[in-house]
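Undergrad: Fold the following and give me the result.
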Amino acid sequence: MIAARCYGRAVTRTRVLLGCGVVGALLFIAVLLVNGVVKPGYDPARDFVSEGAIGRGGWLQIAGFVASGTLLTAFSFGLRRTTPRWTAWLVRTMALCLVGAGIFVSDPVPADAATVPGIVHNVVSVVVFAALAAATFTAIRWRPTRLWRWYCLLSGIGIIVFFVAAGGADPVAGTPGIFQRLSIVTGWTWLAVLGLRAPRTEATTGRTARTSTQPVT
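TA: Next up, the predicted model:
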């Protein structure tokens, strides 16, 4: 009875942590969409998401970075019990760097001169997308189904392709903001799906564990 009660509490904690990932991923997408509409002088097609944290009204995007990163960090602890170890660690790395991207505000693009906060922001931002893409690849063999394998593979490729396209687009006359947002929507949607899929692994593992510990009569 005591063991079952402890197990139930552990499952509840894990599901709460996994739920943080769903909320954190969708929150980040919602904030960048809202900020693209309400921020004065901001063009979502041309400007990077990080530029939404600059100047007047920038607090909204900063809060989005920090809140989403914090929730996704909690999410990574839930993933430790349900997904491959590397997937959890890569998501945690990505989440902590997302918080850092909110603390260190980006420079305008293009900028006359780079600042220290802007340089740090650029570095942690690259780590965010690299770690997230790597996480999708490490999860390919987790509870593999044909659909899941293809979804992870295409998500990882999409994150990388759209991110590179955003970096290569003309920051004045081009549409780097659109490409970056496609990369974000691809990656953060994958995180939300992962958070919805992972609790079923915990439930299956729990049933197996309880069955194996029942006395034989």
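
Undergrad: all contacts plus neighbour counts: C-alpha atoms, from now on.
TA: Fine.

Undergrad: Lowest mean pLDDT among the helices and strands, pick that one out for the protein.
TA: helix 176-213 (a mean of 77; mean pLDDT, DSSP states H and E).

Undergrad: Please report the distance of the spatially most central residue of the chain from Trp148.
TA: Centroid-nearest residue in the chain: Trp188, 4.7 Å away (criterion: C-alpha atoms, centre = their mean). Per C-alpha to C-alpha, to the nearest Å, Trp188 is found 16 Å from Trp148.

Undergrad: What of Pro44?
TA: 31 Å.

Undergrad: so where do the helices sit in the protein?
TA: For the chain, the helices defined by DSSP state H occupy 2-38, 59-79, 85-103, 116-138, 146-168, 176-213.

Undergrad: Include distance to Val49 when you put these into CSV, please.
TA: Shown next, in CSV, are the helices of the chain (distance: least, C-alpha to C-alpha, whole Å):
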stretch, distance to Val49
helix 2-38, 7
helix 59-79, 8
helix 85-103, 11
helix 116-138, 11
helix 146-168, 11
helix 176-213, 7
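
Undergrad: tell me the average confidence for stretch 94-102?
TA: In this model, stretch 94-102 has a mean pLDDT of 98.

Undergrad: for that stretch, the distance to its chain's centre please.
TA: Centroid separation for stretch 94-102 versus its chain: 10 Å, with C-alpha atoms, centre = their mean, to the nearest Å.

Undergrad: what residues does it touch?
TA: Under the contact criterion C-alpha atoms under 8 Å, 6 or more residues apart in numbering, stretch 94-102 has outside partners 50, 53, 61-70, 72-73, 120-122, 124-125, 127-129, 131-132.

Undergrad: same question, stretch 134-143
TA: 83-84, 86-88, 90-91, 148-150, 152-153, 155-156, 190.

Undergrad: First-to-last residue distance for that stretch?
TA: 17 Å.

Undergrad: list the buried ones in that stretch?
TA: The neighbour-count check on stretch 134-143 (16 or more other C-alpha atoms under 10 Å) flags Ala134, Ala135, Thr136, Phe137, Thr138, Ala139, Ile140, Trp142 as buried.

Undergrad: quick one: contacts for Thr186?
TA: Counting by C-alpha under 8 Å, 6+ apart, Thr186 touches Ser155, Gly158, Ile159.

Undergrad: Ala173 and Gly41: what is the separation?
TA: Taken as C-alpha to C-alpha, the span from Ala173 to Gly41 is 16 Å.

Undergrad: before we move on, what about Val161?
TA: For Val161, the distance to Gly41 equals 28 Å [C-alpha to C-alpha].
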